[in-house]
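A.B. asks: Only the shape, not the letters, is given here:
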């Protein structure tokens with residue numbers, strides 16, 4: 001019972017010495033019990049009743065101890081809610097008296113509760129917790145924050161597993177085999193994402209401590225630079241908005257990115273950057289003063305969040321479609337120019353942080369004056385084909401892609417991203433020719449971005465709108481041979497490929513499917529996930545091999561009768 005002697009209570013050392021030096025051990029034990037028992041005269045006559053119920057004295061004293069402990073903790077909680085100045089003095093006084101007993105398990109909760117309510121626990125007590133990890137683990141998060149702010153390595157040890165779990169969760173969501181309706185990556189609202197376990201835990205760990213918040217941001221910057229994993233950018237924005245949700249003004253008011261992130265978060269929630277928010281975002285960007293350029297580093301990281309890129313690029317494509325209807329030029333649309341500015345910042349975040357070049361890059365004239373009009377021409381071609389189809393005219397051959405398009409695709413990240421989102425838009429519109437025209441060109445651009453997990457995940461989801469087209473060998477060649485197969489050595493691409501096949505395998509010509517299954521057969525060096533996904537797909541293919549049409553029964557003859565096709569429903 002270490003610590004009892006320090007507070008003037010006879011403990012194990014005293015009892016050991018008394019038994020060693022006494023002539024009558026039983027008398028010594030009885031004397032010890034009388035001196036250290038519950039000093040309540042009316043209690044002594046009642047103790048024999050406990051003996052009659054076979055309740056030993058240890059069990060009785062423990063129950064009394066637990067009751068007193070709970071009442072004391074309740075009293076401490078009441079004291080902590082008072083607003084007078086004596087509140088902290090009273091808690092400090094109690095802590096000083098009780099801290100020597102912190103290693104006594106029965107008393108430990110009292111000491112931990114007292115420390116939790118002190119805004120500044122004395123360093124001598126914090127040092128004891130750091131040196132004894134069992135005590136540290138049992139400490140309240142309010143106490144741990146005070147330890148972490150002066151012990152970055154210990155805080156890093158706590159945060160690191162959470163960050164790893166966060167990245168694993170994102171990767172699992174991107175390559176899952178579940179229904180697309182439940183695993184579409186961009187389908188979750190920002191508020192829902194902030195309810196994730198890691199974000200909630202990090203928010204609790206940071207609390208209102210600006211120093212800890214800065215440490216987490218530094219961890220995220222370092223990991224982003226080391227791995228180029230854009231999910232760290234997502235977490236940077238989610239943590240800030242999580243603190244915003246619970247109104248931690250102590251941090252939100254000093255983070256220069258707060259209002260910008262808040263506005264961008266609203267755009268992500270609405271899945272579009274409208275004219276009003278466009279003006280607000282532009283005001284934040286234009287309002288960065290000389291000497292504050294480092295803010296651009298954090299802003300670019302927030303804009304690098306895949307959810308932000310998705311919203312900005314999708315909004316840009318919607319505006320480009322509107323330009324076709326209004327006969328306007330891209331260079332004359334201020335909202336489109338702003339979206340391109342933000343895409344440039346977001347896609348260049350890693351370079352800006354790596355080179356410490358905190359300066360907004362100038363927009364490429366060739367991008368604005370030539371490449372964007374080229375995309376507009378693609379959409380005009382799509383509209384022309386739709387009109388021709390409605391008029392019953394035969395589809396004309398699509399013009400070859402301009403050399404300028406391929407040039408910009410290779411050198412400009414924004415041009416490449418917009419081409420990607422043209423493919424996604426064309427897929428959702430069931431525009432087979434548009435997809436076949438542009439998708440193969442993506443491999444000629446930035447391979448790293450062409451096979452980015454977030455893009456391929458969304459591509460797979462979008463291609464399901466064209467599931468009937470997979471019965472065409474020509475379309476299969478474009479998607480499989482021209483796009484997926486060149487990067488099959490990349491583990492994540494193989495997983496996305498398997499995920500796509502798991503939804504369209506029954507549409508693909510048998511000969512091609514057999515060949516694809518042979519090419520996709522995993523080797524021992526592939527991850528277990530790939531093996532599991534391939535096995536699952538193989539079982540689906542095998543079960544589909546026996547067509548229900550081949551199964552004949554001698555039962556009800558009604559099943560063999562032709563069924564009329566229902567007429568299409570007319571809209572109200």
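C.D. replies: Received, thanks. Keep in mind it's a predicted model, so treat the numbers as computed, not measured.

A.B. asks: Low-confidence regions, this structure specifically.
C.D. replies: 1-11, 34, 36-37, 39-40, 42, 44, 176-183, 394-399, 446-447, 545-572 (pLDDT under 70).

A.B. asks: what do you get if the cut-off is 50, keeping everything else the same?
C.D. replies: 1, 179-182, 549-572 (pLDDT under 50).

A.B. asks: Spell out the secondary structure type for the residue lying farthest from the centre of it.
C.D. replies: Largest separation from the mean C-alpha position in the chain: residue 23, at 70.3 Å (C-alpha atoms, centre = their mean). Put simply, residue 23 is coil when judged by DSSP: H, G, I helix; E, B strand; the rest coil.

A.B. asks: ok, which stretches of the stretch 351-500 of the chain are helices?
C.D. replies: Listed in chain order, the helices of the stretch 351-500 of the chain (DSSP state H, counting those that start in this stretch) span 365-366, 372-390, 403-411, 413-428, 432-438, 447-450, 453-463, 473-476, 491-504.

A.B. asks: Make a markdown table out of the ones you listed and add mean neighbour count and distance to residue 100.
C.D. replies: From N, CA and C alone the C-beta is placed, and that goes for glycine too. Shown next, in a markdown table, are the helices of the stretch 351-500 of the chain (neighbours: other C-beta atoms under 10 Å; distance: least, C-beta to C-beta, whole Å):
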| stretch | mean neighbour count | distance to residue 100 |
| --- | --- | --- |
| helix 365-366 | 12 | 74 |
| helix 372-390 | 16 | 73 |
| helix 403-411 | 16 | 69 |
| helix 413-428 | 23 | 62 |
| helix 432-438 | 20 | 73 |
| helix 447-450 | 15 | 59 |
| helix 453-463 | 22 | 55 |
| helix 473-476 | 16 | 76 |
| helix 491-504 | 21 | 56 |
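
A.B. asks: Nearest to residue 77 among the ones you listed would be which one?
C.D. replies: Of all the helices of the stretch 351-500 of the chain, it is helix 453-463 that lies closest to residue 77, at 46.7 Å by C-beta to C-beta.

A.B. asks: So which elements touch that closest one?
C.D. replies: The contact analysis (3 or more C-beta pairs under 8 Å, 6 or more residues apart in numbering; DSSP states H and E) places helix 453-463 against helix 152-174, helix 306-326, helix 413-428, helix 491-504.

A.B. asks: Would you check that residue 444 makes contact with residue 406?
C.D. replies: Yes: with contact defined as C-beta atoms under 8 Å, residue 444 and residue 406 form a contacting pair (6.3 Å).

A.B. asks: For residue 52, find the nearest of the helices of the stretch 351-500 of the chain.
C.D. replies: Of all those, the one in closest proximity to residue 52, counting by C-beta to C-beta, is helix 491-504 (71.0 Å).

A.B. asks: tell me the angle of the helix or strand following that closest one relative to helix 491-504?
C.D. replies: Using DSSP states H and E, the helix or strand that directly follows helix 491-504 along the chain is helix 510-520. Interaxial angle, helix 510-520 versus helix 491-504 (axes from the mean of the first three to the mean of the last three C-alpha atoms, to 10 degrees): 150 degrees.

A.B. asks: could you point out which element follows helix 510-520?
C.D. replies: helix 528-545.

A.B. asks: Quote the end-to-end distance of stretch 342-355.
C.D. replies: Its start and end residues considered, stretch 342-355 measures 19 Å (C-alpha to C-alpha, to the nearest Å).

A.B. asks: hmm, who's touching it?
C.D. replies: 221, 224-225, 228, 233, 281, 285, 296-297, 299-305, 308-309, 312-313, 316, 357-358, 360-361, 363, 413-414, 417-418 (C-beta atoms under 8 Å, 6 or more residues apart in numbering).

A.B. asks: for it, which positions count as buried?
C.D. replies: Neighbour counts over stretch 342-355 (16 or more other C-beta atoms under 10 Å) mark 342, 343, 344, 345, 346, 347, 348, 349, 350, 352, 353 as buried.

A.B. asks: And stretch 61-77, by the same measure?
C.D. replies: 69, 72, 76.

A.B. asks: Please identify which of the helices of the stretch 351-500 of the chain is closest to residue 327.
C.D. replies: helix 372-390 (10.1 Å).

A.B. asks: and the angle from the closest one to helix 403-411?
C.D. replies: Going by the same axes, to 10 degrees, helix 372-390 makes 120 degrees with helix 403-411.

A.B. asks: Just name whatever secondary elements helix 372-390 is in contact with.
C.D. replies: By 3+ C-beta pairs under 8 Å, 6+ apart, helix 372-390 packs against helix 306-326, helix 403-411, helix 413-428, helix 432-438.

A.B. asks: by how many degrees do the second one and helix 413-428 diverge?
C.D. replies: Inter-element angle recorded for helix 403-411 and helix 413-428: 110 degrees (by the same axes, to 10 degrees).

A.B. asks: Quick check: which helices or strands does helix 403-411 pack against?
C.D. replies: helix 372-390, helix 413-428.

A.B. asks: Show residues contacting that helix.
C.D. replies: Residues outside helix 403-411 that contact it (C-beta under 8 Å, 6+ apart): 366-367, 370-371, 374, 415-416, 419, 441-442, 444-446.

A.B. asks: Put together JSON lines for those residues, with distance to residue 89 on each row.
C.D. replies: Listed next are the contacts of helix 403-411 as JSON lines, based on distance: C-beta to C-beta, whole Å:
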{"residue": "366", "distance to residue 89": "70"}
{"residue": "367", "distance to residue 89": "66"}
{"residue": "370", "distance to residue 89": "73"}
{"residue": "371", "distance to residue 89": "69"}
{"residue": "374", "distance to residue 89": "73"}
{"residue": "415", "distance to residue 89": "66"}
{"residue": "416", "distance to residue 89": "64"}
{"residue": "419", "distance to residue 89": "67"}
{"residue": "441", "distance to residue 89": "73"}
{"residue": "442", "distance to residue 89": "68"}
{"residue": "444", "distance to residue 89": "72"}
{"residue": "445", "distance to residue 89": "67"}
{"residue": "446", "distance to residue 89": "63"}
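
A.B. asks: Among those residues, which one lies nearest to residue 136?
C.D. replies: Closest to residue 136 out of the contacts of helix 403-411 is residue 446 (46.4 Å), distances taken as C-beta to C-beta.
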